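J.: could you work out the structure for the sequence below:
(2 chains, ligands or ions: 1)
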Amino acid sequence: MSKVEMTVNGRSVSGDVEDRTLLVHFLREHLGLTGTHVGCDTSQCGACVVHVDGKAVKSCTMLAAQAARAEVTTIEGLAAGGELHPVQAAFKEHHGLQCGFCTPGMIMAAVDMINRHSGKLDEKTVRAELEGNICRCTGYHNIVKAVLAATEQMGGAAKVAAE
Amino acid sequence: MYETSYHRAESVEEAAKKMGTAEGGKYVAGGQTLIPTMKQRLASPDALIDLRHIPDMKGISINGKDVRIGAATTHAEVASSADLDAVCPGIASLAGHIGDPHVRHMGTIGGSIANNDPAADYPAAMLALGAAIHTNKREIAAGDFFAGMFETALEEDEIITAVSFTAPEKCAYSKFPNPASRYAMAGVFVARTGDDVRVAVTGAGMDGVFRWEEAESALGSNFAASALEGLAVNEGEMLSDIHGSAEYRANLVKVMAMRAIAEAG
Ligand SMILES: Cc1cc2nc3c(=O)[nH]c(=O)nc-3n(C[C@H](O)[C@H](O)[C@H](O)COP(=O)(O)OP(=O)(O)OC[C@H]3O[C@@H](n4cnc5c(N)ncnc54)[C@H](O)[C@@H]3O)c2cc1C
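T.: The predicted model follows:
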């Protein structure tokens, strides 16, 4: 057992956990943040994607102890002041989901990819970037649409801010 | 996952010392191979010594054509280094095609070569670039480092600290990814400096990564995809599994080699 401390969605948290505890279990079971899902549990599907120090990672493939002292953002931490994050809003608007199970990971992956590409993405890049996120309902069409729409909006917002 | 204990090291010396006091310890870097293996109970180290936060093991330094990459540098960092892409585009592009973005944010070059998966990408680059593998004990030439499937010259407690190489005049990597895992069904790294050409193949060989010497000599005098016409790797030495037969892989090697040559230009 070790005491693990980290910042999750801007809040300092700590917990006494077995060293083998996966980050996803720490988030779900110790912090009650059940928005992050366990899908395949074999590092493939991306339902468990969260951001650690600003980068998208699979939280089923990282120990909570490995994330100690890091800044973690989960799907619960995206919306600010009751307003959906632009990527969340775009998934809703474009119906980028059916059953919704993969959605938290999809959205965290989308936010990361938009950040990394400084708001410039085309369809081919979005599809390639979604390599680590599996959806078994949608056929990805509306997910790609939503990511592109959010990119446009976020890029547009950055442009306005820069003017 | 069986029980284990976690220890974060801040320096190479501290990591080696911690390993010395553990009974059946293992180093963990990105964990993108080790954690899934532990979850499947195929590995059960009683201690994990984390190398990911050791400053001396991180980063890329480039001096003219001399490149040094710290072992704890992630695939994403190698893929997105504009300086590295300028001197050695083949390795930057290789890193950008490992797994998926999330795996690339965690996985490290040191972890990849220490693991020496027969379908991993980096071993082909190390062999074709004639890289030196630096450890906390010595320097090992890539040609002596990879010793067959999942086998390397590393001792139990040895830590890879960095890799270094001189960037070739031209290089490129071409892989045919397994559609599900993205690991290489066949991946070929071609590097050329003058008439010295090296062709290293991953994903296909029964003993892991290997150099295709017949192709190297043909390309030395004629660096063009057509130089490989009439050549073939030995099918008897290729992997055969549910993903592809030895015959299929032998053909893939040649096609990937030709694509890499065309890309290197
Ligand atoms: C979904 C998925 C897809 C992937 N696709 C690909 C792919 O397409 N191509 C590819 O090449 N790989 C792929 N990988 C593997 C990935 O590249 C791993 O990052 C890599 O194999 C291991 O690096 P790591 O830093 O995660 O090492 P870890 O998992 O932390 O460690 C792996 C092994 O190396 C040892 N080790 C780690 N660092 C050192 C060091 N510095 N010195 C000595 N020993 C060390 C550890 O003890 C362990 O035995 C994939 C992985 C996943 C989960």
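
J.: all contacts plus neighbour counts: C-alpha atoms, from now on.
T.: Noted.

J.: now do the strands in the chain.
T.: The chain I'm using is chain A. Taking DSSP state E to define them, one finds strands in chain A at A:2-8, A:11-17, A:49-52, A:55-58, A:71-73.

J.: wrong one, I was asking about chain B
T.: Shown for chain B, the strands assigned by DSSP E span residues B:5-8, B:25-28, B:47-50, B:60-63, B:66-70, B:132-135, B:139-141, B:160-166, B:170-177, B:184-193, B:196-202, B:210-211.

J.: show me which residues of the stretch 101-250 of chain B sit near chain A.
T.: Applying CA under 8 Å from any CA of the partner chain, we find that the stretch 101-250 of chain B lies next to chain A at B:101-103, B:105-106.

J.: and these, which two are furthest apart?
T.: Maximum pairwise distance in these, criterion CA to CA, is 9.0 Å, between B:Pro101 and B:Met106.

J.: need the strands of chain A in JSON lines with distance to B:Ala200, can you?
T.: Below are the strands of chain A laid out as JSON lines (distance: least, CA to CA, whole Å):
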{"stretch": "strand A:2-8", "distance to B:Ala200": "43"}
{"stretch": "strand A:11-17", "distance to B:Ala200": "45"}
{"stretch": "strand A:49-52", "distance to B:Ala200": "34"}
{"stretch": "strand A:55-58", "distance to B:Ala200": "31"}
{"stretch": "strand A:71-73", "distance to B:Ala200": "40"}
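
J.: can I get the ones you listed in TSV including mean pLDDT?
T.: As requested, the strands of chain A are arranged in TSV below (pLDDT from 0 to 100):
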stretch	mean pLDDT
strand A:2-8	97
strand A:11-17	97
strand A:49-52	98
strand A:55-58	98
strand A:71-73	98
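
J.: so where is chain A shaky, pLDDT-wise?
T.: Residues of chain A that meet the criterion pLDDT under 70 lie in A:156-163.

J.: tell me which residue of it lies closest to chain B.
T.: Nearest residue of chain A to chain B, counting by CA to the nearest CA: A:Val57, 4.5 Å away.

J.: count the neighbours of residue 44 for me.
T.: Reading this off chain A. Other residues within reach of A:Gln44, judged by other CA atoms under 10 Å in any protein chain shown, total 22.

J.: please go with chain B instead
T.: Around B:Ser44 sit 20 other residues, with neighbours defined as other CA under 10 Å.

J.: list phi and psi for it.
T.: Recorded main-chain torsions at B:Ser44 are phi -140, psi 60, according to degrees, to the nearest 10.

J.: all helices for chain A, in order.
T.: A:23-25, A:86-93, A:103-116, A:123-129, A:141-162 (DSSP state H).

J.: out of the ones you listed, flag the one nearest B:Ile242.
T.: Using CA to CA, the helices of chain A put helix A:123-129 closest to B:Ile242, at 25.1 Å.

J.: which strands or helices does that closest one pack on?
T.: With contacts defined as 3 or more CA pairs under 8 Å, 6 or more residues apart in numbering or on different chains; DSSP states H and E, helix A:123-129 has these neighbours: helix A:141-162.

J.: find the nearest non-adjacent residue to A:Pro104, please.
T.: Leaving out its chain neighbours, the residue that sits closest to A:Pro104 by CA to CA, 6 or more residues apart in numbering or on different chains is A:Ile75, at 5.8 Å.

J.: the ligand versus that neighbour, what's the distance?
T.: As judged by CA to the nearest ligand atom, to the nearest Å, A:Ile75 and the ligand stand 21 Å apart.

J.: near that residue, how many other residues are there?
T.: Applying other CA under 10 Å, we find 23 other residues in the vicinity of A:Ile75.

J.: do the same with A:Met113
T.: 23.

J.: for the spatially closest residue to it that is not a sequence neighbour, what are its contacts?
T.: With sequence-adjacent residues excluded and distances taken as CA to CA, 6+ apart, A:Met113 is closest to A:Glu129, at 7.0 Å. By CA atoms under 8 Å, 6 or more residues apart in numbering or on different chains, the contact list for A:Glu129 reads A:113, B:100-101.
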